[in-house]
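>>> Structure for the following, please:
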Amino acid sequence: MTYTCNYCADSYTVDIPALEHRYNNGEVITAATCTTDGTKRFTCQNDGCYEYYDVVIPKTGHKLDNGTVTVKETCTTAGKLVYKCQNADCNYSKTET
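Numbering: from 1, shown residues only. Below is the predicted model of the structure:
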């Protein structure tokens, strides 16, 4: 900012420091799933400032149940045990012999 004397026109300049960013608590832009990372965005709350930064929400990984026997083992054949992911909207399954 520059100050100027109305009588002699002498002036001097003073630096006005910029405001520091005041970021919000973040908003999930893309939710993490079992197999893909998500994104959370933090946005500056100062008037007229549109600065933001994103952070990665790590993928959750599959949360498998205890398994269900789909084929019972016998003396001559192997059985099968199927594990299913319990996370919402995930159709992953794993089969063990």
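>>> What are the neighbouring residues in contact with T43?
Listed by Cβ atoms under 8 Å, 6 or more residues apart in numbering, the contact set of T43 reads Y23, N24, E27, Y50, E51, Y52. (Each C-beta comes from the backbone N, C-alpha and C, glycine too.)
>>> how close does T2 get to G48?
The gap separating T2 from G48 is 22 Å, by Cβ to Cβ, to the nearest Å.
>>> Around R41, count how many other residues there are.
15 (other Cβ atoms under 10 Å).
>>> For it, give me phi and psi.
R41 adopts backbone torsions of phi -110, psi 130, taken as degrees, to the nearest 10.
>>> shouldn't it be in contact with Y52?
Yes: here R41 reaches Y52: they are 5.5 Å apart, a contact under Cβ atoms under 8 Å.
>>> low pLDDT regions in the chain?
Judged against pLDDT under 70, the chain has no low-scoring part.
>>> how about 80 then?
Within the chain, the stretches with pLDDT under 80 are 18.
>>> Let me see the ranges of the strands in it.
Counting by DSSP state E, the chain has strands at residues 2-4, 11-13, 27-30, 38-43, 52-57, 68-71, 80-84, 93-96.
>>> Out of those strands, the one nearest L19 is which?
Among those, strand 38-43 comes nearest to L19, with 14.7 Å by Cβ to Cβ.
>>> hmm, back to that, distance to L19 for the strands of the chain - can I get that in CSV?
Output for those, formatted as CSV (distance: least, Cβ to Cβ, whole Å):
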stretch, distance to L19
strand 2-4, 20
strand 11-13, 19
strand 27-30, 21
strand 38-43, 15
strand 52-57, 15
strand 68-71, 58
strand 80-84, 51
strand 93-96, 52
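>>> Cool, thanks, signing off.
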